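Q: Turn this into a structure:
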Amino acid sequence: MNDPLQAIGTNSVAIGALYSCDITNVSFRVVNRGKVPVVIERLKPTCTCTTGTASTNQVAPGGEAVITLRFDPNTINGVFDRGVWVVTDDAETPYLRLMLTGTVTPLFSGLSEKPISIVAKEAGAPVTNHITLVAAGAGVLLGSPTIVTNGALRMEVMIATNTAETATYAITTVATSLELGRQTAEITLPVIGRPTAEPLVIRFSVVSGLELAAIPNRFDFSLDNEPQTYRVILRGKTAEMDPAAFTCAPALEGVSVTAVKGRRPNDLLVRIEVSPKGAEALYLSPDASLLLGYPGHRPATVTFANEAETEEKSGSRPSRLPSIFRSTDPDGKKKFRF
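A: Next up is the predicted model:
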């Protein structure tokens, strides 16, 4: 082996099975087998879970250094192979790899890494969900929960505990959205018996109301002196859509929005008429969008962009939408085809 900087014994240490809260420090001895000093320029970790420190940055010929790896397995689950690259000033072999291997077991099984998705057909409808958490070892317990929501959601939590050799927690949640749309919640449970353990966090994504789709949902408008007309198919999940129940917000001067029955029972055909004054209102609006609503559904958003700005951003003139959806003919001679 011609590498000037070499690990004494091994450059890979198996540290076995760990819990996710077991922070581990492992030291490696490295020696300079070369004839000139070696400078350790930096220690580059293979992931954020591992950091390294060196007892010295310069190793004389025949000299040694101790490099200590700190491994925090909180973000790791299952088999791991992590470490650092020792970066030196040696021109031919500037890297020495020091690794830790093993297996990480979560303190509790049954915890979802992703937010738990809950769907309610309407606001005010409670939805129940069940979660079971099982401790990986004896003496590991959970404390009282803390609940945080985004304000438009009510979350109730009930916990049944079985503290046999290893604790089991049957968690029942009841989520009630106070308004249509997407809400979030977090339940935080402190871990007892493992001082270094991070609290368990159960995340929820709660959607209330049926899905309402706008087709298309984006238009380019111009700031010329001609009125512009856009058409949107609004598709809901109810058996039949009634144009009288359709809503649109906000109200903008010069922007008129009306709806009639579509081809399908669950469709509405929405006509958006924009006068020159309305085009100015859209241009000056911070988000230039309309919320198309229908009872029991989450609103669908239709956005507008000034075509001059779209052209500037893309570097080319934007393509016009098919005439089935858009017309700029002020005298009405061009007909929409459906």
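
Q: Need the residue in this structure that's farthest from the chain's center.
A: residue 35 (52.1 Å; C-alpha atoms, centre = their mean).

Q: Is residue 299 in contact with residue 289, as I believe?
A: No: the criterion here is C-beta atoms under 8 Å, and residue 299 misses it with residue 289 at 10.3 Å. Yep, even glycine has a C-beta here, placed from its N, CA and C like the rest.

Q: Residue 82: neighbour count?
A: 19 (other C-beta atoms under 10 Å).

Q: Just give the nearest non-adjacent residue to it, would you?
A: residue 50 (4.8 Å; C-beta to C-beta, 6 or more residues apart in numbering).

Q: Now find how far off-centre stretch 40-49 is within its chain.
A: 27 Å (C-alpha atoms, centre = their mean, to the nearest Å).

Q: same question, stretch 12-30
A: Centroid displacement of stretch 12-30 relative to its chain, using C-alpha atoms, centre = their mean, is 31 Å.

Q: Now do it: everything it contacts.
A: 5-9, 11, 59, 64-74, 76-77, 83, 86, 96, 98-107, 136-137, 191, 194, 196-198 (C-beta atoms under 8 Å, 6 or more residues apart in numbering).

Q: ok, back up a step: spit out the contact partners of the residue farthest from the centre of the chain.
A: Neighbours of residue 35 in contact, by C-beta under 8 Å, 6+ apart: residue 61.

Q: any idea how far it is from residue 91?
A: According to C-beta to C-beta, to the nearest Å, residue 35 and residue 91 sit 14 Å apart.

Q: what's around the residue nearest to residue 29 when sequence neighbours are not counted, how many residues?
A: In space, and not counting its chain neighbours, residue 29 is closest to residue 8: 4.2 Å by C-beta to C-beta, 6+ apart. Number of residues near residue 8 (other C-beta under 10 Å) recorded here: 10.

Q: Ends of stretch 29-46, what's the gap?
A: 19 Å (C-alpha to C-alpha, to the nearest Å).

Q: Report the buried residues of it.
A: Neighbour counts over stretch 29-46 (16 or more other C-beta atoms under 10 Å) mark 30, 31, 32, 34, 38, 40, 43, 45, 46 as buried.

Q: From those, which one has the minimum pLDDT?
A: Ranked by pLDDT, these bottom out at residue 34 (90).

Q: isn't there a helix covering that residue?
A: No: secondary structure of residue 34 (DSSP: H, G, I helix; E, B strand; the rest coil): coil, not part of a helix.

Q: how close does it get to residue 151?
A: Distance, residue 34 to residue 151, by C-beta to C-beta: 64 Å.

Q: do you know how far residue 156 is from residue 119?
A: 18 Å.

Q: Oh, that last question was meant for residue 263, not what I typed.
A: As judged by C-beta to C-beta, residue 263 and residue 119 stand 27 Å apart.

Q: Would you map the strands across the stretch 151-300 of the chain?
A: 153-163, 167-177, 181-189, 191-192, 200-208, 213-215, 218-221, 228-235, 247-249, 255-261, 267-274, 289-293, 300-306 (DSSP state E, counting those that start in this stretch).

Q: mind putting those in JSON lines, mean neighbour count and mean pLDDT included?
A: Listed next are those as JSON lines, based on neighbours: other C-beta atoms under 10 Å; pLDDT from 0 to 100:
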{"stretch": "strand 153-163", "mean neighbour count": "14", "mean pLDDT": "94"}
{"stretch": "strand 167-177", "mean neighbour count": "19", "mean pLDDT": "96"}
{"stretch": "strand 181-189", "mean neighbour count": "19", "mean pLDDT": "93"}
{"stretch": "strand 191-192", "mean neighbour count": "16", "mean pLDDT": "92"}
{"stretch": "strand 200-208", "mean neighbour count": "19", "mean pLDDT": "94"}
{"stretch": "strand 213-215", "mean neighbour count": "16", "mean pLDDT": "96"}
{"stretch": "strand 218-221", "mean neighbour count": "19", "mean pLDDT": "94"}
{"stretch": "strand 228-235", "mean neighbour count": "21", "mean pLDDT": "96"}
{"stretch": "strand 247-249", "mean neighbour count": "15", "mean pLDDT": "95"}
{"stretch": "strand 255-261", "mean neighbour count": "16", "mean pLDDT": "97"}
{"stretch": "strand 267-274", "mean neighbour count": "20", "mean pLDDT": "97"}
{"stretch": "strand 289-293", "mean neighbour count": "20", "mean pLDDT": "95"}
{"stretch": "strand 300-306", "mean neighbour count": "18", "mean pLDDT": "94"}
